[in-house]
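J.: Have a look at this fold, sequence not included:
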């Protein structure tokens, strides 16, 4: 997963990359994702930020992703359909 910060001028910055391990058909990776969703980070200027929105690619374990997303606030976590190649 990539954590991205967005500025008021709509520029974006990669803040962190993380890899969640575990079988998505079990609760383990979803529990790890919940921990990240509940986390906050303190910036060098003292400001504390938290995750505003999360998008999950539903191309693998589609039903499990949809089941997880349904347990979250609609404007906080959403399922998306990623693509395997880049098109320009």
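T.: Everything's here; your move. Note that the structure is a prediction, hence the values are computed from the model and not measured.
J.: residue boundaries of the helices in this protein?
T.: Per DSSP state H, the chain carries helices over the ranges 28-37, 62-70.
J.: Serialize these to CSV and add fields for distance to residue 78, mean neighbour count and mean pLDDT.
T.: In short, each C-beta sits where N, CA and C put it, glycine included. Formatted as CSV, the helices of the chain follow (distance: least, Cβ to Cβ, whole Å; neighbours: other Cβ atoms under 10 Å; pLDDT from 0 to 100):
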stretch, distance to residue 78, mean neighbour count, mean pLDDT
helix 28-37, 13, 14, 93
helix 62-70, 6, 14, 94
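J.: can you tell which of those helices is closest to residue 76?
T.: For residue 76, the closest of those is helix 28-37, at 7.5 Å, according to Cβ to Cβ.
J.: neighbouring contacts of that closest one?
T.: Contact with helix 28-37 is made by 1, 18, 20-24, 51, 54, 68, 72, 76-77, as judged by Cβ atoms under 8 Å, 6 or more residues apart in numbering.
J.: Mind telling me which residue is nearest the centre of this structure?
T.: Residue closest to the average C-alpha location in the chain (Cα atoms, centre = their mean): residue 54, at 3.6 Å.
J.: Please name the bridge partners of that one.
T.: Here residue 54 sits in beta bridges with residue 77, as judged by DSSP bridges.
J.: Check the spacing between it and residue 73 real quick.
T.: To residue 73, residue 54 is 10 Å away according to Cβ to Cβ, to the nearest Å.
J.: With residue 18 instead?
T.: For residue 18, the distance to residue 73 - Cβ to Cβ - is 22 Å.
J.: Tell me, how many residues neighbour the nearest residue to residue 75 once chain neighbours are set aside?
T.: Computed as Cβ to Cβ, 6 or more residues apart in numbering, the closest residue to residue 75 that is not its neighbour in sequence is residue 53, at 7.2 Å. Residue 53: 12 surrounding residues under other Cβ atoms under 10 Å.
J.: now residue 53: how far from residue 10?
T.: As judged by Cβ to Cβ, residue 53 and residue 10 stand 15 Å apart.
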